[in-house]
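S.K.: structure for the following, please:
(2 chains)
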2 protein chains.
Amino acid sequence: MKVVPSDLEIAQAHKMIPITEIAGSIGLGEDDIDLYGKYKAKINLDVLRKFNDKPLGKLIDITAITPTPLGEGKTVTTIGLTQGLGKIGKQVITTLRQPPWDRFSALKGGCRRRLRQVVPMEDINIHFTGDIHAVEAANNLLSAMIDTSILLGNPLNIDPMTVMWNRVLDTNDRALRDIVIGLGGKENGYPRQTSFDMAVASEVMAILALAENLHDLRRRLGRIIVAYTYDGKPVTAEDLKAAGAMTVMMKEALKPNLVQTLEGQACIMHAGPFANIAHGNNSVLADKIALRLADYVVTESGFGSDLGMEKFMNIKCRQSGLRPSCVVITCTIRALKMHGGLGNVVAGKPLPEELTRENLPALAKGCANLAHHIQVASYFGVPVVVSINRFTPDTDAEVALVREKAMEAGALGAYPITVWADGGEGAVELAEAVVAACEKPADFQLLYPDNISIKEKIEILATRVYNADGVVYEPLAERKIKQFEDLGLGHLPICMAKTHLSISHDPSMKGRPGNYIFPIRDIRASVGAGFLYPLAGAMRTMPGLGSKPAAHNVDIDEYGRTVGLF
Amino acid sequence: MKVVPSDLEIAQAHKMIPITEIAGSIGLGEDDIDLYGKYKAKINLDVLRKFNDKPLGKLIDITAITPTPLGEGKTVTTIGLTQGLGKIGKQVITTLRQPPWDRFSALKGGCRRRLRQVVPMEDINIHFTGDIHAVEAANNLLSAMIDTSILLGNPLNIDPMTVMWNRVLDTNDRALRDIVIGLGGKENGYPRQTSFDMAVASEVMAILALAENLHDLRRRLGRIIVAYTYDGKPVTAEDLKAAGAMTVMMKEALKPNLVQTLEGQACIMHAGPFANIAHGNNSVLADKIALRLADYVVTESGFGSDLGMEKFMNIKCRQSGLRPSCVVITCTIRALKMHGGLGNVVAGKPLPEELTRENLPALAKGCANLAHHIQVASYFGVPVVVSINRFTPDTDAEVALVREKAMEAGALGAYPITVWADGGEGAVELAEAVVAACEKPADFQLLYPDNISIKEKIEILATRVYNADGVVYEPLAERKIKQFEDLGLGHLPICMAKTHLSISHDPSMKGRPGNYIFPIRDIRASVGAGFLYPLAGAMRTMPGLGSKPAAHNVDIDEYGRTVGLF
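M.R.: Predicted structure coming up:
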């Protein structure tokens, strides 16, 4: 039996290449980067001007079927495909989101996004280059300026009951979900009820991921709506004179970070917005820089094609002009069997035994989920390849069945990968298929234009992407849709906040749900990021620690080395 | 008239030397440092072992008289003396505290510590190398673990009413001074009233400044007392299994940061604990490394000799074995005249006109304050030199008078410096005097031994350092002194939390107050840092923004350069 060591052991045992050499391998010199230690660097934004004449590479987006709470190996596939492309001699860069470092304190065996195979792993998973801290600090300066403005004369006439800008922390702290601030008398403020969110849930993080340059960052931060006046007018970060200072706090964070895969390939890791209340993709700047430096750029969007990939297309590509050449949909046979009606996958518990035995009828049924995700990707006119993240119990007959169903649904092919055990060698076939797909003529199109109504946009998403029969709006959502149309925000794209555990709004509806009505509870505006986000359910924006958080196991050993991190 | 440009303009116009060259100038090679961009680096702790055989340099502590709210130029003197020592051919390093970056949002013209003449100024005053963020994150992980432990079964039997570990943020946010957390039901926690402090007020910051190495950091974090059980036993970070994870979060922060003065000298900037509830000095590690690399190390302690310098001696030197060769007391003639009964200095307002005219009688009277600080420094058996931070209105007769009074009180000499206008050239005479003082035999001694009672220690400080006739304890303080003695904490040194605007506890008592009783309201324990801190008044641990915070003026210009920061 093959014993696979822990992620941290792999990373610590690994001999990293100096990041100056990694930079050199993609054409960046000493003046193009700022070192953060020997194995991390920030890329100066001047690089975009410098390489402006170089042809753009091919952009490949990695998405997934509807995952189980364990995740189906999307990041493994992303890194594996990057390594596979390297093996077949292609010049390739992967662009990833930065993991939130709540990882550090999250439940062991929990469902949080794990980042393997990119190093220096310890750094990446802790402070990295400080970008999340910068997001937090800029967010919280704005918060302090709101409450101070209300307290000291309220010159902007802010109605305190309308303040919707939360403070943020990068700690999983459930006690801060619902708090009262400003107690203790007139030195401290007017008491009001509010919340802390995770730092990565901040609109500032979504802005970081979408900004084209420093001036665009400045304008976007200024557009953030934080509250309304007593007569219903929006109050922005610009009105509060906060946006300039926030921009200065974010200057370094705006520069993408260069690290490396375990096989010594360049990885640009930058920004990490949520894929429910935000758009769930790494930064526009990282992709644009990578596309000037490599022939192939492999990026990853959050959750399934109904969330991160749809937002990659309708928000990130719409705003930035980026155009993908291929979409890769990741699946696992265990998850497809779950979609076929078997088992109940719970984070932190062993996999139900029935998911590890061959069951072709259940698998065939579950492939309806895969087929739907292929269809969603196809709406955008981009070639689709399926990647099967293959585990030891998966049989050849099961793999063949998934391939057959994928091709029926319009995928160019479906390829098993064994990256978790074999590294890039386990993704060579997939890499070859992706190269071929990138040569196909792509006919990129958005799913909806800017100039239709908010409800029309939501209805297109609900019926085509979530396979619903229609949409029902709660009164709050109705009222706010009207308010946003009246404020002239109707042109913004939609960033749906819904569960990732179903194509629908209901995590219990597996496979390919249909014949249901999609419910909209509320809708909010991230005007700086440039989208509206309707809520189809309660979205948790501040996780909690469990009774045995991962932090219990983290320590230094007698030599000062970190242990217990993964 | 000489026009002195703004600090930011000076710093931006200045051509910095690559930090690798600065490192080389003090004997550090590429493997001894980790770059953070081109002009900042972290120094690896292995350097201490590597240079273990090199003789130790001379350690010079810069302190001050009782300042006005404007400050009297202690940091200017520190940097100026460093530059002056360089001018006379000495090998010198300055070791400084990192400024809290609340600077960014503080009142313009306010009383916060300003950091001039060390570059890269913008970086240093914003995120720098992330150390304060690491302090914040480690502090807040512990907070989340406390409330989660109470909520999920309370296995440690913590009495929620005794939790004294506050969350921290590095934002001036008055609305967080007094809050209720844990609302919203059983998913979120038991509601309780608590506070956010500034990050630099965290015991974690004091620990960072006092830790000798990574293992000592680990042990100190474990000793932090966060609450008591229902039966009165202390609950520590170790009990909560938080200390290992906190240590891992602080690993990078423990490495001192290398930057440079405007004259291209090495500056090691590391840690920045408050000088009231904490000990107000830069890190032990920074000093110990600097002493192996240079013949002279110039460091600065917070506020006057009654606060930062006394704690430098009785806490930092006691714990670490560091021994100073000379103390420099900074004064200004305007402040001494204020101590002589003139004017009322208010931050953000113009200086009262009477302070800018020659007034020898008032100055002579005010010199009692200087004389007392000289006396306090002399208690420790270390030679004392006085530095007069000279401004344009100061007359030669005034300077001569201060020198006379300083020599009478036991200083070796008193030297005017004009560093604010002339750089290092303005401190050559002071530098020569300091070199001579360092050759004097020093007979270092602590003010009290470990093994006397808490009250005896407090009474020694009150009568000798604060010139009081005695001490009065409120019932709360009486009770807690007994509790700490019972818990076996009586051996710890005392870190008095009192105003910096008077030698006494009362900011309105100028000059050399006497014939009064020093009041102790409360006493708290920082067991990880290794001191007890009695409170002689209300100490603000979370500043607020004003109606016109500095952030209003901070922005980027059309070229993306930062403007309005200072």
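S.K.: find the closest residue to chain B in the stretch 451-566 of chain A.
M.R.: A:Asp555 (2.9 Å; C-beta to the nearest C-beta). (Each C-beta comes from the backbone N, C-alpha and C, glycine too.)
S.K.: contact partners for that residue?
M.R.: A:562-564, B:218, B:243-245, B:247-248 (C-beta atoms under 8 Å, 6 or more residues apart in numbering or on different chains).
S.K.: mind checking pLDDT for it?
M.R.: With respect to pLDDT, A:Asp555 scores 93.
S.K.: which ones among the contacts of A:Asp555 are found in helices?
M.R.: B:218, B:243-245, B:247-248 (DSSP state H).
S.K.: identify, from the residues you listed, the entry nearest to B:Phe51.
M.R.: Set against B:Phe51, the nearest of the ones in helices among the contacts of A:Asp555 by C-beta to C-beta is B:Arg218 (23.9 Å).
S.K.: state whether A:Ile93 is indeed within a helix.
M.R.: No - judged by DSSP: H, G, I helix; E, B strand; the rest coil, A:Ile93 forms no part of a helix; its state is strand.
S.K.: mind listing what it touches?
M.R.: Contacts of A:Ile93 (C-beta under 8 Å, 6+ apart): A:26, A:57, A:82, A:265-268, A:290, A:293-294, A:296-298.
S.K.: about what we covered before: and the residue of the stretch 451-566 of chain A closest to chain B, what are its bridge partners?
M.R.: A:Val563 (DSSP bridges).
S.K.: my read is that A:Glu30 contacts A:Thr20, right?
M.R.: Yes - counting by C-beta atoms under 8 Å, A:Glu30 does reach A:Thr20; the two are 6.8 Å apart.
S.K.: those two - which one has more neighbours?
M.R.: A:Thr20 (17 against 12; other C-beta atoms under 10 Å in any protein chain shown).
S.K.: what about that one, which SS state?
M.R.: A:Thr20 ends up helix, using three-state DSSP.
S.K.: for the closest residue to A:Ile277 other than its chain neighbours, grab the count of nearby residues.
M.R.: Spatial nearest neighbour of A:Ile277, excluding adjacent residues (C-beta to C-beta, 6 or more residues apart in numbering or on different chains): A:Ala497 at 4.6 Å. Neighbourhood size, A:Ala497 [other C-beta under 10 Å]: 24.
S.K.: identify the residues contacting A:Ala497.
M.R.: A:Ala497 neighbours (C-beta under 8 Å, 6+ apart): A:276-277, A:533-537, A:539.
S.K.: need the max-distance pair from the residues you listed.
M.R.: For the contacts of A:Ala497, and using C-beta to C-beta, no pair is farther apart than A:Tyr533 and A:Gly537, which are 12.1 Å apart.
S.K.: from B:Ile65, how far out is A:Glu300?
M.R.: 60 Å (C-beta to C-beta, to the nearest Å).
S.K.: check A:Asp239 too.
M.R.: 44 Å.
S.K.: and A:Leu446, what pLDDT?
M.R.: pLDDT, read off for A:Leu446, is 98.
S.K.: surely it forms part of a helix?
M.R.: No - applying three-state DSSP, one finds A:Leu446 to be coil, outside a helix.
S.K.: which ones are touching it?
M.R.: Going by C-beta under 8 Å, 6+ apart, A:Leu446 touches A:313-314, A:317-318, A:380.
S.K.: for A:Tyr533, name its beta-bridge partners.
M.R.: A:Arg524.
S.K.: right, and it touches A:Arg524 too?
M.R.: Yes - A:Tyr533 is within contact range of A:Arg524, at 5.4 Å (criterion: C-beta under 8 Å).
S.K.: find residues that contact each of these two.
M.R.: Joint contacts of A:Tyr533 and A:Arg524 (C-beta under 8 Å, 6+ apart) are A:Ile277.
S.K.: more crowded one of A:Tyr533 and A:Gly537?
M.R.: Comparing A:Tyr533 with A:Gly537 by other C-beta under 10 Å, the one with more neighbours is A:Tyr533, at 25 against 16.
S.K.: summarise which helices and strands the helix or strand of chain A with the lowest mean pLDDT is packed against.
M.R.: When the helices and strands of chain A are compared on mean pLDDT, DSSP states H and E, helix A:7-13 comes out lowest with a mean of 72. Under the contact criterion of 3 or more C-beta pairs under 8 Å, 6 or more residues apart in numbering or on different chains; DSSP states H and E, helix A:7-13 touches helix A:121-125, strand A:562-563.
S.K.: ok, what's across the strand from the residue nearest to A:Ile277?
M.R.: Here A:Ala497, judged by DSSP bridges, has bridge partners A:Leu535.
S.K.: same question for A:Asn281.
M.R.: Under the criterion used (DSSP bridges), A:Asn281 bridges to A:Ser301.
S.K.: so it touches A:Ala206, yeah?
M.R.: No - using C-beta under 8 Å as the test, A:Asn281 is too far from A:Ala206 to be in contact (9.4 Å).
S.K.: now the common contact residues for the two.
M.R.: Shared contacts of A:Asn281 and A:Ala206, counting by C-beta under 8 Å, 6+ apart, come down to A:Pro273.
S.K.: how far away is A:Lys50 from A:Leu285?
M.R.: 14 Å.
S.K.: swap that for A:Gly86, please
M.R.: 23 Å.
S.K.: cool, A:Thr499 as well?
M.R.: Following C-beta to C-beta, the distance that separates A:Thr499 from A:Leu285 is 30 Å.
S.K.: neighbour count: these two, which is higher?
M.R.: Between A:Thr499 and A:Leu285, counted using other C-beta under 10 Å, A:Leu285 has the larger neighbour count: 28 against 21.
S.K.: phi, psi of the spatially most central residue of chain A?
M.R.: Centre of chain A computed as the mean C-alpha position; nearest residue by C-alpha atoms, centre = their mean is A:Gly280, 2.8 Å away. With angles defined as degrees, to the nearest 10, A:Gly280 sits at phi 70, psi 40.
S.K.: which residues does the residue lying closest to it once chain neighbours are set aside contact?
M.R.: Among residues not flanking A:Gly280 along the chain, A:Gly302 sits closest, at 3.0 Å (C-beta to C-beta, 6+ apart). By C-beta under 8 Å, 6+ apart, the residues touching A:Gly302 are A:97, A:274-275, A:280-281, A:308, A:500.
S.K.: mind redoing it with 10 Å?
M.R.: A:63-64, A:74, A:97, A:113, A:272-276, A:278-282, A:308-309, A:311-312, A:500 (C-beta atoms under 10 Å, 6 or more residues apart in numbering or on different chains).
S.K.: again with A:Leu8
M.R.: A:Leu8 touches A:116, A:121-122, A:125, A:554, A:561-566, counting by C-beta under 10 Å, 6+ apart.
S.K.: per-residue pLDDT, the closest residue to A:Gly490 other than its chain neighbours?
M.R.: Spatial nearest neighbour of A:Gly490, chain neighbours left out: A:Ile454 (5.4 Å); criterion: C-beta to C-beta, 6+ apart. Per-residue pLDDT puts A:Ile454 at 98.
S.K.: would you quantify the distance from A:Ile454 to A:Gly488?
M.R.: 12 Å.
S.K.: next: A:Asn515.
M.R.: 36 Å.
S.K.: that older thread, now, which of the ones in helices among the contacts of A:Asp555 lie close to chain A?
M.R.: B:218, B:243-245, B:247-248 (C-beta under 10 Å from any C-beta of the partner chain).
S.K.: now, of those residues, which are buried?
M.R.: The neighbour-count criterion (16 or more other C-beta atoms under 10 Å in any protein chain shown) marks B:218, B:243-245, B:247-248 among those as buried.
S.K.: hmm, A:Ala199 is touching A:Ala137, no?
M.R.: Yes - the criterion here is C-beta atoms under 10 Å, and A:Ala199 meets it with A:Ala137 at 9.3 Å.
S.K.: who has more neighbours out of these two?
M.R.: A:Ala137 (29 against 26).
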